[in-house]
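Participant: got a predicted model here, sequence first, then my questions.
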Amino acid sequence: MNKAVVITVIVIVLLLIGGGIFFANQQKQASETSISSPAMQSSHKTVSQNTRLFNENKTAPELTGITHWLNTDQPLTIQELKGKVVLVDFWTNQCINCIRTLPYVTKWYDTYHTQGFTVIGVHTPELAYEYSINSIQKAIMQYGIHYPVAQDNNYATWNAYNNEYWPAEYLIDKKGILRRTHFGEGEYNETEQAIKQLLAEN
């Protein structure tokens with residue numbers, strides 16, 4: 001090889017190495033952005049850990065504008081459910097984060113509903129398919145959901161709660177007071193302990 005060819009080869013190799021380093025850095029930055037902004041990980045707005053405990057007497061918003069009720073013979077209200085501990089669970093049937101929480105939510109209901117605990121699954125859709133009542137019924141069967149589910153197609157209850165996330169859990173005591181919220185996956189043991197604590201309150 002003559003000197004010019006050798007120099008050309010070296011330049012090409014250096015450019016390839018430099019491009020690889022740049023690409024790796026870009027991938028790292030993209031990964032770090034995804035971790036720091038969970039809402040960007042999917043089209044659903046989610047958070048990994050976000051819990052709030054309420055000490056003030058904040059009355060839970062009412063269930064409103066429900067387009068259809070499933071797993072119950074009649075519409076339900078927070079007012080009529082006073083005397084029970086209520087978990088309002090915002091979900092939608094194609095959200096993977098919601099699907100991952102369902103085994104815990106269904107277990108809490110099945111374990112504690114005879115002790116005065118109930119769950120209201122507020123299904124607020126994001127995708128066009130999720131507006132279909134058939135898609136909700138299919139999810140109810142698939143995931144073994146035994147508690148009442150409210151179809152919130154018009155986002156009326158979602159807006160009443162000023163909610164922003166799937167999944168989102170609002171825990172309400174026997175007096176109808178909002179006591180705890182949790183957005184996203186995780187803290188399942190803490191949520192169950194909170195349910196047991198509220199059931200034990202007079």
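Facilitator: Received the coordinates, thanks. Numbers count the residues shown, from 1 in each chain.

Participant: what's the closest non-adjacent residue to the residue nearest to the spatial centre of the chain?
Facilitator: By C-alpha atoms, centre = their mean, the chain has its centre lying nearest to residue 167, at 1.1 Å. Once flanking residues are discounted, residue 167 sits nearest to residue 98: 4.5 Å by C-beta to C-beta, 6 or more residues apart in numbering. Any C-beta I mention is one placed from the backbone N, CA and C, and that applies to glycine too.

Participant: the helix or strand harbouring that neighbour: what's the following helix or strand?
Facilitator: Element membership for residue 98, per DSSP states H and E: helix 96-112. Next helix or strand after helix 96-112 toward the C-terminus (DSSP H and E): strand 117-123.

Participant: list the pairing partners of that following strand within its sheet, with orientation.
Facilitator: strand 85-91 (parallel), strand 149-151 (parallel) (DSSP bridges).

Participant: and the angle from the longest one to helix 96-112?
Facilitator: Counting by axes from the mean of the first three to the mean of the last three C-alpha atoms, to 10 degrees, strand 85-91 points 160 degrees away from the direction of helix 96-112.

Participant: output strand 85-91 as PDB, nothing but the C-alphas.
Facilitator: Taking C-alpha atoms only, strand 85-91 is exported to PDB below (Å, rounded to 0.1, in the frame of the first residue of the first chain):
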ATOM      1  CA  VAL A  85     -63.200   1.200  52.900                       C
ATOM      2  CA  VAL A  86     -63.100   2.000  49.200                       C
ATOM      3  CA  LEU A  87     -60.300   1.700  46.700                       C
ATOM      4  CA  VAL A  88     -60.900   3.700  43.500                       C
ATOM      5  CA  ASP A  89     -58.600   2.200  40.900                       C
ATOM      6  CA  PHE A  90     -58.200   4.100  37.600                       C
ATOM      7  CA  TRP A  91     -57.100   1.700  34.900                       C
END
